[in-house]
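S.K.: with the input below, show me the fold.
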Amino acid sequence: MQQSRIWSALFVGLGVALIVGGLVAPRFLLGDGRLPLDLGDVTWTIEDPDGMRDGEPTPVTRQLHLEIRDPSDEDVASVRVGDSVRAGEEGSDFDNLVTASTWAFEMDRVTGETSSPAQVQLIMGMPATEVDIEGVWLKFPANVRKETYDVFDTTLRGTAPAEFIAEEEIAGRTIYRFRQHIAPTNIAQRYADPLNTGIEEGPDGEQIRTFLFHSAERELLVDQVSGLVVGIEEKVDQYYGDASGKGIQNIVLYDGTMDPAQVEALVQGLGNVTSAARSKTITWIAIGLGVLLAIAGLIGTVAGARRRS
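M.R.: Okay, here's the model as predicted:
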């Protein structure tokens, strides 16, 4: 009899715990795919040991580093992204630096869209430049679809379409792969910057006015639920060319990939981000099971009381 009362009490207690757990689960499970504020710093490191700088072979590394900062709230995250390209193994980091910029902006946690122009720092100590981030960049809209998205490129300061090409699974999560193609583009025609033009000496000693050209073939691995980019593979060619686009001087050329372990770590960091359907399923299963256990416990308690009377 004593044992029966203990089991009945355990059933009631466990049932109540499951009901409470089901009710509070939505606070801990991001069921609409929004960017987690506790994600921590996110780094994408893209490396090519056989790249090129100024026409000479050298390792090239591009690194993107995202921080979520205050103020951030339920709907909007304040984000800062550092973007740098380094080429070479000798000398200081400054000697190996090809480009570096810092982008600060507010981003909708669900759609990934920016709500105001980014403040872009190109040179330390100099005033920031305002740049509109069109389309999406490092976060796609939650519940990503198998379609084409306009994806931002920092050198273009504009977008190019990225089309869905494949579905795969990494660390138990569904990942979509997108491919983006950027044809050789005269950057000087898009915005003014001292580095977008130059002067090179021609074969006969003549002065040739040159322009910065940029092209890229890029594949993006995107978590289907959250829309966060978890992997980047890109082939980038930047050079100074004449007005017709003919290359005159290589700046940097690389065909870089991320370490698969880094990609998997980024995916695993999204463990508490679920789809709305899965979040509701978990909630109702917990509440339903809790109700059944609580009822079973109460029935056992009542039955035991009747037997004692």
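S.K.: quick one, phi/psi of residue 122?
M.R.: Per-residue torsions, residue 122: phi -100, psi -30 (degrees, to the nearest 10).
S.K.: show me the contacts for it.
M.R.: Residues near residue 122 by Cβ atoms under 8 Å, 6 or more residues apart in numbering: 100-101, 129, 193. Using the backbone N, CA and C atoms, a C-beta is placed for each residue, glycine as well.
S.K.: and residue 244, how far from residue 134?
M.R.: Residue 244 is 28 Å from residue 134, where distance means Cβ to Cβ, to the nearest Å.
S.K.: show me which of the two is the more surrounded one.
M.R.: Taking other Cβ atoms under 10 Å, residue 244 and residue 134 do not tie; residue 134 has more neighbours (15 against 7).
S.K.: quick check: longest strand of this structure.
M.R.: Assignment by DSSP state E gives strand 207-223 as the longest strand of the chain.
S.K.: elements contacting whichever helix or strand comes after that strand?
M.R.: Once the chain leaves strand 207-223, the next helix or strand it forms, by DSSP states H and E, is strand 229-241. Here strand 229-241 touches strand 42-48, strand 60-69, strand 173-186, strand 207-223, strand 247-256, helix 260-268, going by 3 or more Cβ pairs under 8 Å, 6 or more residues apart in numbering; DSSP states H and E.
S.K.: what about 6 Å?
M.R.: If you count contacts as 3 or more Cβ pairs under 6 Å, 6 or more residues apart in numbering; DSSP states H and E, strand 229-241 packs onto strand 207-223, strand 247-256, helix 260-268.
S.K.: quick check: can you list the domain ranges of the chain?
M.R.: 2-24+286-308, 30-273 (automatic domain parsing).
S.K.: most tightly surrounded among those?
M.R.: Among these, ranked by average contacts under mean count of other Cβ atoms under 10 Å, first place goes to domain 30-273 (a mean of 17).
S.K.: how far does that one sit from its chain's centre?
M.R.: Put simply, domain 30-273 sits 10 Å off its chain's centre (Cα atoms, centre = their mean, to the nearest Å).
S.K.: equivalent analysis for stretch 257-275, please.
M.R.: 10 Å.
S.K.: avg pLDDT for it?
M.R.: Here stretch 257-275 scores 90 as its mean pLDDT.
S.K.: stretch 120-135 now?
M.R.: In the prediction, stretch 120-135 has an average pLDDT of 88.
S.K.: and stretch 85-96, by the same measure?
M.R.: For stretch 85-96, mean pLDDT rounds to 86.
S.K.: which outside residues touch that stretch?
M.R.: Residues from elsewhere that reach stretch 85-96, judged by Cβ atoms under 6 Å, 6 or more residues apart in numbering: 53, 58-62, 97-99, 252.
S.K.: how about 8 Å then?
M.R.: With Cβ under 8 Å, 6+ apart, stretch 85-96 has contacts from 51-53, 58-63, 97-100, 252, 254.
S.K.: tell me which two in those are the farthest apart.
M.R.: 52 and 100 (19.0 Å; Cβ to Cβ).
S.K.: OK, contacts around residue 204?
M.R.: Contacts for residue 204 (Cβ under 8 Å, 6+ apart) come out as none.
S.K.: so how far is residue 249 from it?
M.R.: Noted for residue 204: a distance of 16 Å to residue 249, by Cβ to Cβ.
S.K.: adjacent strands (with direction) for the helix or strand hosting residue 165?
M.R.: In the assignment (DSSP H and E), residue 165 maps to strand 158-170. Paired neighbours of strand 158-170 in the sheet (DSSP bridges): strand 149-153 (antiparallel), strand 173-186 (antiparallel).
S.K.: and those strands: which comes nearest residue 272?
M.R.: Across the strands paired with strand 158-170, closest to residue 272 is strand 173-186 (Cβ to Cβ), at 11.9 Å.
S.K.: immediately after the closest one, which helix or strand?
M.R.: Downstream of strand 173-186 (by DSSP H and E), the next one is strand 197-201.
S.K.: direction included, what does that next one pair against?
M.R.: With DSSP bridges as the test, strand 197-201 is paired with strand 207-223 (antiparallel).
S.K.: any idea of the angle the partner strand forms with helix 260-268?
M.R.: If you take axes from the mean of the first three to the mean of the last three Cα atoms, to 10 degrees, strand 207-223 sits at 60 degrees to helix 260-268.
S.K.: how about the strands in the stretch 1-150 of the chain?
M.R.: Per DSSP state E, counting those that start in this stretch, the stretch 1-150 of the chain has strands spanning 42-48, 52-53, 56-57, 60-69, 76-87, 97-108, 118-121, 129-131, 149-153. These are given in chain order.
S.K.: circling back: as JSON lines, the strands paired with strand 158-170 with distance to residue 164 would be great.
M.R.: Listed next are these as JSON lines, based on distance: least, Cβ to Cβ, whole Å:
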{"stretch": "strand 149-153", "distance to residue 164": "8"}
{"stretch": "strand 173-186", "distance to residue 164": "6"}
